[in-house]
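A.B. asks: requesting a structural model of the entry that follows:
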Amino acid sequence: MAKRQNIAAQSAPPQPGWAMYLRTSSEDNQKPELSRARQRAIIESNVLANSSLPVRGEYIDVLTGKTPNRQGYQQLLKDARMGKFSHVIVERADRFGRNDTEALRAIDELNEFGVGVRFANSPDLDPMDPDDRVIVALSFTLARRESALLGIRTRGGLQAKRQSGGYISLAPDGYINVSGRTDTVKRHDLGRFDKWIQQDPERAPVIREAWDLLLEDQLSLPEIAEALHVKGHRHRSGRPFVEITSEGKRRANISSLSNIFHNWTYAGWIISQKNNIPPKTMRGNWDPIVTTEEFERGEAILERRNQHRKVRCTQEYLLAGYVYFKLPNGSLRRLTGSTSNSGRANGGTSYYRIAEPGGASFLCSEIDNKVANAIRHIQVAHDLLPIIRNNYTDELKERLGPSRPDNCARLVSLLKQINEEEARMARLLASGKISEDVWDGLWKEWQDRRQVTQRALETMEQEQGIHIDNLESALQVIAKIGKLYNGLEVSKKKVLLSQIIERVIVDNDGNVALELRTPFAYLQTLAEKIKHTGASHQCQPKKKKNGEGNSLSASSEQSSTLHQSCSTGWIRTNNRSVNSRLLCR
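C.D. replies: You can find the predicted model right below:
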């Protein structure tokens with residue numbers, strides 16, 4: 001549906017001109033500005049110099065081409081739909097994207113808007129031409145193969161370096177990274193240049209002094225930080241070991257010290273959980289700052305202290321991350337949990353508040369109870385489940401139905417294109433124009449694209465059934481939630497809320513409203529329709545066959561949204577598309 005609307009909106013042809021797309025992979029070991037300059041030079045010399053069309057825009061990304069979620073790429077597609085240019089030029093096909101399915105889909109979409117795609121390394125190549133498209137698909141395949149081989153080579157190089165005792169990442173505090181030419185023995189595995197770490201003449205004595213203070217077993221970590229601070233030492237980043245807060249209190253920065261005292265690098269050992277390398281199994285080729293015995297003794301000191309440390313119980317806030325305060329202007333501000341006087345025997349008093357002077361503040365117990373009360377009174381009459389299911393099915397047909405034929409036709413057309421490409425390539429194979437290896441690589445790519453397309457078709461067929469199943473599951477959960485919620489532990493309540501509630505909104509008077517997640521939000525939308533379209537029928541009692549009215553009724557002033565607690569009563573509507581009744585409480 002969205003595609004049809006976009007095409008309809010673009011009544012006039014696109015403006016004649018070029019859009020230049022420049023992409024540098026985030027995995028490239030090069031400066032992005034140099035790569036862009038090189039791409040721009042090739043594009044200008046091979047294409048733009050021979051064209052009279054102006055350049056309408058330039059789009060840049062520094063991100064891998066494996067994902068379509070690139071800001072410049074998405075903006076390019078958006079501007080193409082608006083008709084801002086008639087052609088897109090890239091240095092070569094894999095700059096457009098290394099996911100061949102996504103890239104070819106985007107090329108087809110651009111063609112629908114009258115925008116052509118050209119490649120500077122092959123200016124005469126038209127990706128919409130059947131024969132040229134085979135070459136474009138082949139370039140994507142080779143780009144994917146190159147990326148896979150690069151990953152294999154990189155992992156192999158890191159493994160070889162690790163096996164030789166090298167350090168493969170940023171040197172920890174006390175060491176520096178060094179590079180230089182390799183000797184003839186290591187050149188086969190590591191190449192002409194090697195990188196290693198060595199002790200930093202300025203920082204290594206500071207780290208050694210910190211270890212000596214720990215091994216004396218007299219000072220705690222904050223006291224070690226104080227001792228280093230008195231001597232004028234700082235962290236490698238320049239951050240002091242002790243800072244003075246805005247309230248005038250001294251705060252020791254001990255997180256970096258703790259990491260140093262647990263890092264086996266300082267004892268000269270290579271460890272890696274990812275590669276199953278435990279401590280004391282692979283020796284590094286750098287000089288250790290402490291011995292293995294000293295490191296283990298420091299570990300034992302810290303472990304003994306942790307066993308005797310009194311851990312203060314932290315307050316568990318039930319609605320943390322979900323509760324918001326509604327400001328007078330209608331905007332929302334997230335409330336955070338805070339506990340005053342937490343050192344008292346009762347654990348103090350917990351609040352949801354805005355962390356600003358004079359900000360809103362609400363007792364956690366009151367808000368939690370109101371949320372529990374609202375959840376407990378959300379109910380849907382069991383005998384109305386078939387009616388709601390029928391209405392939901394009709395709405396799905398109205399919303400998803402119109403776009404379904406276009407999507408199905410597009411996917412079927414894509415399968416047909418894959419088969420045609422395979423047939424053309426088979427003819428090239430039979431004539432000896434391509435090798436068996438190229439054919440095998442392309443055949444695997446075609447199989448992958450077929451599977452993806454076929455799964456998409458199957459998903460579309462199952463989509464409506466899944467929505468209906470989700471709705472029925474939601475109704476069953478709501479029917480039981482009132483009985484289950486109060487009996488759950490706090491941790492399990494949080495899990496349940498995370499599945500049902502999107503946000504809890506608190507107003508200035510402390511009233512709460514619940515915004516539900518999909519598919520629970522559908523019930524909320526249905527109730528809103530009843531409130532707005534069936535207002536004239538809400539207060540009408542249900543007529544029985546004997547003429548007596550229903551003993552249950554609902555005031556038009558009472559809330560009909562499922563995320564608020566309602567007074568006892570049936571809510572009805574005679575609207576054709578939402579012909580259902582909901583019972584709140």
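A.B. asks: in terms of residue numbering, what are the domains of the chain?
C.D. replies: Following automatic domain parsing, the chain resolves into domains at 2-149, 198-308, 314-585.
A.B. asks: now the longest one: average pLDDT?
C.D. replies: For domain 314-585, the mean pLDDT works out to 67.
A.B. asks: kindly report the same for the shortest one.
C.D. replies: Here the mean pLDDT over domain 198-308 is 89, rounded to a whole number.
A.B. asks: just checking: what are the partner strands of the host helix or strand of Val178?
C.D. replies: Val178 belongs to strand 175-181 when assigned by DSSP states H and E. Under the criterion DSSP bridges, strand 175-181 sits next to strand 193-199 (antiparallel) in its sheet.
A.B. asks: and the next helix or strand past the strand it pairs with?
C.D. replies: Downstream of strand 193-199, the first helix or strand assigned by DSSP H and E is helix 204-215.
A.B. asks: in PDB, list the C-alpha atoms belonging to the strand holding Val178.
C.D. replies: Only the C-alpha atoms of strand 175-181 are listed here, as PDB (Å, rounded to 0.1, in the frame of the first residue of the first chain):
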ATOM      1  CA  TYR A 175      51.700  -0.800  28.500                       C
ATOM      2  CA  ILE A 176      51.800   0.800  25.100                       C
ATOM      3  CA  ASN A 177      51.200  -0.600  21.600                       C
ATOM      4  CA  VAL A 178      54.300  -0.900  19.300                       C
ATOM      5  CA  SER A 179      54.700  -1.900  15.700                       C
ATOM      6  CA  GLY A 180      57.700  -2.700  13.500                       C
ATOM      7  CA  ARG A 181      59.000  -5.000  10.800                       C
END
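A.B. asks: what does that strand rub up against?
C.D. replies: Residues outside strand 175-181 that contact it (C-beta atoms under 8 Å, 6 or more residues apart in numbering) are 167, 170-171, 192-200, 203-204, 265, 286. For glycine as for every other residue, the C-beta is placed from the backbone atoms N, C-alpha and C.
A.B. asks: how about a cut-off of 10 Å?
C.D. replies: 167, 169-171, 187, 191-204, 207, 236, 265-266, 286-287, 289 (C-beta atoms under 10 Å, 6 or more residues apart in numbering).
A.B. asks: quick check: Lys326 touching Phe362?
C.D. replies: No. Look at Lys326 against Phe362 with C-beta atoms under 10 Å: they stay out of range, at 12.0 Å.
A.B. asks: overlap in contacts, those two.
C.D. replies: 506, 508.
A.B. asks: of the two, which one has the most company?
C.D. replies: Phe362 (19 against 16; other C-beta atoms under 10 Å).
A.B. asks: what strands line up against the one helix or strand that one maps to, and which way round?
C.D. replies: If you go by DSSP H and E, Phe362 is part of strand 361-363. Looking at strand 361-363 with DSSP bridges, its partner strands are strand 349-353 (antiparallel).
A.B. asks: buried stuff in the partner strand?
C.D. replies: 350-353 (16 or more other C-beta atoms under 10 Å).
A.B. asks: over to stretch 122-136?
C.D. replies: For stretch 122-136, burial by neighbour count (16+ other C-beta under 10 Å) applies to 125-127, 133-134, 136.
A.B. asks: which residues touch Gln71?
C.D. replies: Gln71 makes contact with 59-63 under the criterion C-beta under 10 Å, 6+ apart.
A.B. asks: change it to 8 Å
C.D. replies: Asp61.
A.B. asks: okay, it and Asp61: tell me how far apart.
C.D. replies: Distance of Gln71 to Asp61, given as C-beta to C-beta, to the nearest Å: 7 Å.
A.B. asks: burial check on Lys483, number of neighbours?
C.D. replies: Neighbour count of Lys483, defined by other C-beta under 10 Å: 9.
A.B. asks: name the SS class of it, please.
C.D. replies: helix (DSSP: H, G, I helix; E, B strand; the rest coil).
A.B. asks: okay, and the closest residue to Thr245 other than its chain neighbours sits in which element?
C.D. replies: Spatial nearest neighbour of Thr245, chain neighbours left out: Arg251 (5.5 Å); criterion: C-beta to C-beta, 6 or more residues apart in numbering. Here Arg251 sits within strand 250-252, counting by DSSP H and E.
A.B. asks: so which other helices or strands are in contact with that strand?
C.D. replies: In terms of contacts (3 or more C-beta pairs under 8 Å, 6 or more residues apart in numbering; DSSP states H and E), strand 250-252 is packed against helix 221-230, strand 242-244.
A.B. asks: now tabulate the buried residues of stretch 122-136 in a markdown table and tack on secondary structure and distance to Asn511.
C.D. replies: Below are the buried residues of stretch 122-136 laid out as a markdown table (DSSP: H, G, I helix; E, B strand; the rest coil; distance: C-beta to C-beta, whole Å):
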| residue | secondary structure | distance to Asn511 |
| --- | --- | --- |
| Leu125 | coil | 64 |
| Asp126 | coil | 63 |
| Pro127 | coil | 58 |
| Arg133 | helix | 61 |
| Val134 | helix | 65 |
| Val136 | helix | 60 |
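A.B. asks: farthest-separated two in those residues?
C.D. replies: The largest separation in these, counting by C-beta to C-beta, is between Asp126 and Val134 at 11.8 Å.
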